[in-house]
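A.B. asks: Using only what follows, build the 3D model:
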Amino acid sequence: MGALWIAHVTVTDAEAYGKYAELAGPAVAKHGGTFIARGGRFVQLEGKERPRNVVARFPSVDAAVECYNSTDYQEALSHARGASERELMVVEITE
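C.D. replies: Predicted structure coming up:
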């Protein structure tokens, strides 16, 4: 089954977060992920609103978690820490 990587983000330091974005894209692609939404229009219906929302599709939950734990992604993530407030989850596609 495929999986969706869903991030809700408030950027607090655009320059540092830009470096994260530059490095995160290749790390996601390396693990079979493709972005299907990045910062587009959204409607918040419940919960805490974050102005940036990102969705990537991966071949499996395991592939998404392996990406997150990879050296490449952790290097990217080091630029997002302190430059953003984020929630990130991986959800299995069940259809």
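A.B. asks: in the helix or strand hosting Gln74, what counts as buried?
C.D. replies: In this structure, Gln74 sits in helix 71-80 according to DSSP states H and E. Across helix 71-80, burial judged by 16 or more other CB atoms under 10 Å covers Tyr73, Ala76, Leu77, His79, Ala80. Placement of C-beta: from N, CA and C, glycine included.
A.B. asks: biggest separation within those residues, which pair?
C.D. replies: Tyr73 and His79 (11.1 Å; CB to CB).
A.B. asks: show me where this structure has helices.
C.D. replies: Under the criterion DSSP state H, the chain contains helices at 14-30, 61-69, 71-80.
A.B. asks: Pro51 is nearest to which of the ones you listed?
C.D. replies: Of all those, helix 14-30 comes closest under CB to CB, at 11.8 Å.
A.B. asks: Show me what that closest one is packed against.
C.D. replies: Packing partners of helix 14-30 (3 or more CB pairs under 8 Å, 6 or more residues apart in numbering; DSSP states H and E): strand 34-38, helix 61-69, helix 71-80.
A.B. asks: who touches it?
C.D. replies: Helix 14-30 has contacts (CB atoms under 8 Å, 6 or more residues apart in numbering) with 5, 11, 34-35, 56, 67, 70, 72-73, 75-77, 79-80, 82-84.
A.B. asks: ok, 7 Å please
C.D. replies: The contact list for helix 14-30, computed with CB atoms under 7 Å, 6 or more residues apart in numbering, reads 11, 56, 67, 70, 72-73, 75-77, 79-80, 83-84.
A.B. asks: Most widely separated two among these?
C.D. replies: Going by CB to CB, the pair spanning these furthest: Val11 and Ser70, at 22.5 Å.
A.B. asks: Compare the two and say which is more crowded by neighbours.
C.D. replies: Taking neighbours as other CB atoms under 10 Å, Val11 and Ser70 compare with Val11 leading, 20 against 16.
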